[in-house]
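Visitor: The sequence and its predicted three-dimensional model are supplied below.
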Amino acid sequence: MNLTLKRALIFFSLSLNIGFIVYTAYGYFEGTKSRFKTHDMISYEILEHTHIEAALKERALAAIDDFNNSLLVLNKEIIASKLEMLALYAESEKLFNEGIEGKREKYMSLLSRQNTLIHEHFLQMRKILGSEASREFFNELREHMDRHLNRHKN
């Protein structure tokens, strides 16, 4: 093997390794953020594919952003509450019996707040979009969710 070929192979090997490290680091840091963001993109995509005028789309996108930020904060609280509850399951029977009801109530309250937040967001979207545009948007959203459920049934 001549020297030029060896240098070329070393260059490509280093390039691939550096690329792999950069891609892995990006996936690690961005992957944790995107776990909660994947559902946010669904509304954006559906809104972009509808035949809604630009001014309404802009207002609706702002409402979706506000909703997603609120939901992200609430989801973090729900996860923390669930972890507290799971920690009690590992405790002795006395501590479990004394603490589980309060943790369960807190968790159920957070889930109720989440459902209320979603309902209020949908009402706000109807108000922003109006009758015809909201019918198109929510039909598209329902069809997307139906496809998603049917895909995961198998």
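Guide: Ah, there it is.

Visitor: the helices in this protein, which residues?
Guide: Assigned by DSSP state H, the chain shows helices spanning 3-49, 54-89, 93-153.

Visitor: Would you convert these into JSON lines that also reports mean neighbour count?
Guide: For every residue, glycine as well, the C-beta is placed using N, CA and C. Formatted as JSON lines, the helices of the chain follow (neighbours: other CB atoms under 10 Å):
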{"stretch": "helix 3-49", "mean neighbour count": "11"}
{"stretch": "helix 54-89", "mean neighbour count": "14"}
{"stretch": "helix 93-153", "mean neighbour count": "13"}
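
Visitor: Now render the ones you listed as a markdown table, adding mean pLDDT.
Guide: Shown next, in a markdown table, are these (pLDDT from 0 to 100):
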| stretch | mean pLDDT |
| --- | --- |
| helix 3-49 | 74 |
| helix 54-89 | 89 |
| helix 93-153 | 88 |
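
Visitor: Which residue is the nearest non-sequential neighbour of residue 57?
Guide: With CB to CB, 6 or more residues apart in numbering as the criterion, residue 57 has its nearest non-adjacent residue at 5.8 Å, and that residue is residue 47.

Visitor: separation between that neighbour and residue 140?
Guide: For residue 47, the distance to residue 140 equals 9 Å [CB to CB, to the nearest Å].

Visitor: same check, this time on residue 116
Guide: Distance of residue 116 to residue 140, computed by CB to CB: 24 Å.

Visitor: isn't the residue nearest to residue 57 right next to residue 137, touching?
Guide: Yes: between residue 47 and residue 137 a contact is recorded at 6.5 Å, counting by CB atoms under 8 Å.

Visitor: which residues are common contacts for the two?
Guide: residue 60 (CB atoms under 8 Å, 6 or more residues apart in numbering).
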